[in-house]
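K.L.:
whatever this is, show me its structure:
(4 chains)
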Number of protein chains: 2
Amino acid sequence: MSQDIPFPIGDLPHPAREDLVLAQVLFALSDPARLAIVAQLVAGPVDMARCQLQDPSIAKSTKSHLMRVLREAGVIRNEPKGRGRRLSLRRDDLDHRFPGLLDAILASAPAVVAEPI
Amino acid sequence: MSQDIPFPIGDLPHPAREDLVLAQVLFALSDPARLAIVAQLVAGPVDMARCQLQDPSIAKSTKSHLMRVLREAGVIRNEPKGRGRRLSLRRDDLDHRFPGLLDAILASAPAVVAEPI
DNA sequence: CGGATGGTTCAACTATATTCGAACCATGAG
DNA sequence: CTCATGGTTCGAATATAGTTGAACCATCCG
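P.N.:
Here you go, the predicted structure:
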């Protein structure tokens, strides 16, 4: 039961809240680049085009892959928006399944201040 | 500064508290087998010989490797004891560097009841 | 309808992790 | 000392993850 998220979140598959797996979430967050992405999303949703990686030389396919790992672990949402995509933290689902986990990680993660528009 | 732990903990190298890296800790805990080991250590130190893995068919070299990943991430201590080794959670160091992280993970991890002696 | 822009997917390659048996080392028991 | 026990390390094999350019797809803009 509950294969993917019940209501449409865009064309990409998102795991339902009850299908999140702790080890998978931890793995997704075990990479500094992915951790930095998550830190950027704490303040709120970010358009993918505006979400920068530390290393600007990274290929866009790689960036897309980073987002995929986070999405498939249930850490972020990735929904179409206009001609681009909008990324957001699935904080509610994470907090519900793993209370305190995200807070603890974010508190220890290097702060990433969102680039002003 | 502070390469390894300042006081002797056995012959194996252990990272000092201030050298623990969040991403590395998360990675160490992102494997179900390692997560289960940690869960076993919550109740207190365990002799390695008594610390069982779910899959009993796993080679001892593999078990040793699992312990190494956890040790190198600073999650567990591994000190000589008699002719064997004693494993323990570095809860104090983890709590100090990443407050709430271990609690959150353990609360969400599948409980592993220690085998009675 | 054409571009142009922004992302995903694919296939191939590289890099890193896992797993194992064998060899080795240390300790405690006899 | 000698042996058995319990673990680590090594090297090789396998598996999984990361990275990339090219191809593709969708949306907006003109």
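K.L.:
look up how far A:Arg71 lies from A:Arg17.
P.N.:
14 Å (CB to CB, to the nearest Å). For every residue, glycine as well, the C-beta is placed using N, CA and C.
K.L.:
and those two? Which one has more around it.
P.N.:
Taking other CB atoms under 10 Å in any protein chain shown, A:Arg17 and A:Arg71 do not tie; A:Arg71 has more neighbours (21 against 16).
K.L.:
which strand or helix spans the more buried one?
P.N.:
A:Arg71 is part of helix A:60-72, with elements assigned from DSSP states H and E.
K.L.:
remind me what that helix packs against, helices and strands.
P.N.:
Counting by 3 or more CB pairs under 8 Å, 6 or more residues apart in numbering or on different chains; DSSP states H and E, the packing neighbours recorded for helix A:60-72 are helix A:22-28, helix A:32-41, strand A:76-81.
K.L.:
mind running it again at 10 Å?
P.N.:
Secondary-structure packing of helix A:60-72 (3 or more CB pairs under 10 Å, 6 or more residues apart in numbering or on different chains; DSSP states H and E): helix A:22-28, helix A:32-41, strand A:76-81, strand A:84-89.
K.L.:
quick one: it to chain centroid distance?
P.N.:
9 Å (CA atoms, centre = their mean, to the nearest Å).
K.L.:
equivalent analysis for stretch A:41-55, please.
P.N.:
In terms of CA atoms, centre = their mean, the centre of stretch A:41-55 is set 10 Å apart from its chain centre.
K.L.:
that stretch vs DNA strand C: in contact?
P.N.:
Yes. Stretch A:41-55 reaches DNA strand C (CB under 7 Å from any atom of the strand) through A:47-49.
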